[in-house]
Structure formats: C-alpha cells, structure tokens
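1. I would like to see how this sequence folds:
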Amino acid sequence: MDRKQLRRELRGRRRALSPRQRARYAQQLSRRLASHPLFWRARRIAVYLPNDAEMDLRPLMKRARAMGKRCYLPVISRLSHERLWFAEYREGQALRPNLFGIPEPANGKWSGRSPVGLDLILMPLVGFDESGNRLGMGGGFYDRSLAYMKTRTRWRRPVLLGVAYECQKVDGLKNEAWDVPVNGVITEASLYWDNDAPLPG
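-> Here you go, the predicted model:
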C-alpha cells in the first residue's frame, strides 16, 4: 500500500471513532502525558487544534495552563508558506483560518517563535509505528521546519512527540529521506518512547 492509500485508510479509522470515543480518548491521553516527566519539564509546548477528527489536545492544554506552561500553535510563515512558526496561544484568543482552513492565532504571523525556542512539540499524525516513523498529512510542513534537527548531534531541542489514536498504529512505515523522526508517540493507551531521546530541561 502506498502512502496515499495508507493515509486514506488511517484517516478513515480515526473518523470512524464516535465523538464520545474521541472525547474519552482525549481525556485519557491528557492524564497519561500530564503525569510524565516529559511534560513536567517542558515549559514551552507546541500543540495544535484538532482538524479532521485528530486527537483533541484541548484537555491537555487546560492542564498545561494550570501548571504555568506556555502553549504555542503552529502558524504558516508569512515569509515562506512552506514552513511553520509557533505563536503563543491563550484561551479565548482570536483565531482565523489559514490557507487550509485551520484556525491559527490572528497575529501569529508577526509574533511567531522558531521551533528551536520550544521544549516540546506535539505533532498530529495520520499513522505511526513503534520505531518512531510517522505518517503526516503529506504537506511536509513539520519536516521542512524541523529539518535542522537531522544534522544536530548535541543540542536537540525541541523534543518531538507524535500524537495519534492507538488505532492509527501500523506494523512498519518506510522512512523517507526527508522525514524527521519523532522521539516518541503518545496515544490514549500508551507512550512509545525512544529511550535514547533526551527529556526537556
């Protein structure tokens, strides 16, 4: 099965989850990650707003704010529409749709932060395997924005954590040359972690 077909199948799996299931899984994931040192140590965390039945991180964002952490949303750069910046997001802040209709902070294009200034990036996935290979939407925004990490040997911030439902796990994914692997993947059921990856802080 090629990537296009696999994306279609895996997006179908998450869309097949009922709203009640998705809400329950979002709470389970929030509790799981909020109890982990990976989350405790991160002060600046990139999140996302759910689109196309993605895992909802809003319960986790609420916990993060209560713990004094700062949350950032991805914003398509106004200088290069192929890369992402990350704008701080506060509850109730004005949002507007980007080129793909996904909400982002209204002033984000002028106040964005480079990914290198973040501790933890939570990335939405279409699919993943236990080796850290991931399947995104196919736009390549995260890969282009994080390409610098493939050449780093020492300072490797931010930590990259994929977010998905357990039903999106597959036996194996081919890692393309341009793919930036994640340090781990969290679902409502488990945290798949690369033991060689650093923790924030």
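
2. need the residue closest to the centroid of the chain.
-> For the chain, the residue whose C-alpha lies nearest the mean C-alpha position (Cα atoms, centre = their mean) is M123; its distance is 1.2 Å.

3. C-alpha coordinates for the top strand by length along the chain, CSV please?
-> Once the chain is assigned using DSSP state E, the strand that runs over the most residues is strand 70-76. What follows is the C-alpha trace of strand 70-76 in CSV, where atoms were taken according to Å, rounded to 0.1, in the frame of the first residue of the first chain:
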residue,chain,number,x,y,z
ARG,A,70,3.0,28.3,27.7
CYS,A,71,1.3,26.8,24.7
TYR,A,72,2.0,27.6,21.1
LEU,A,73,0.1,26.9,17.9
PRO,A,74,1.7,26.3,14.5
VAL,A,75,1.4,29.2,12.1
ILE,A,76,2.3,29.1,8.4
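
4. just checking, what packs against it?
-> With contacts defined as 3 or more Cβ pairs under 8 Å, 6 or more residues apart in numbering; DSSP states H and E, the packing partners of strand 70-76 are strand 44-46, helix 58-66, strand 84-88, strand 103-105, helix 108-111. (Glycine included, C-beta is placed from N, CA and C.)

5. show me which residues of the second one are buried.
-> Yep, that's helix 58-66 we're talking about. By neighbour count, with 16 or more other Cβ atoms under 10 Å as the criterion, the buried positions of helix 58-66 are 59-61, 64.

6. with stretch 89-106 instead?
-> By neighbour count, and taking 16+ other Cβ under 10 Å as the criterion, the buried residues in stretch 89-106 are 89, 102, 104-105.

7. let me have these in JSON lines, extended by distance to E130 and pLDDT.
-> Formatted as JSON lines, the buried residues of stretch 89-106 follow (distance: Cβ to Cβ, whole Å; pLDDT from 0 to 100):
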{"residue": "Y89", "distance to E130": "31", "pLDDT": "91"}
{"residue": "I102", "distance to E130": "28", "pLDDT": "84"}
{"residue": "E104", "distance to E130": "31", "pLDDT": "86"}
{"residue": "P105", "distance to E130": "34", "pLDDT": "84"}
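
8. tell me which two of those sit farthest apart.
-> Within those, two members stand farthest from each other by Cβ to Cβ: Y89 and I102, at 13.0 Å.

9. distance of R22 from P59?
-> From R22 over to P59 the distance is 11 Å, taken as Cβ to Cβ, to the nearest Å.

10. ok, L60 touching A34?
-> Yes: under the criterion of Cβ atoms under 8 Å, L60 makes contact with A34 at 6.6 Å.
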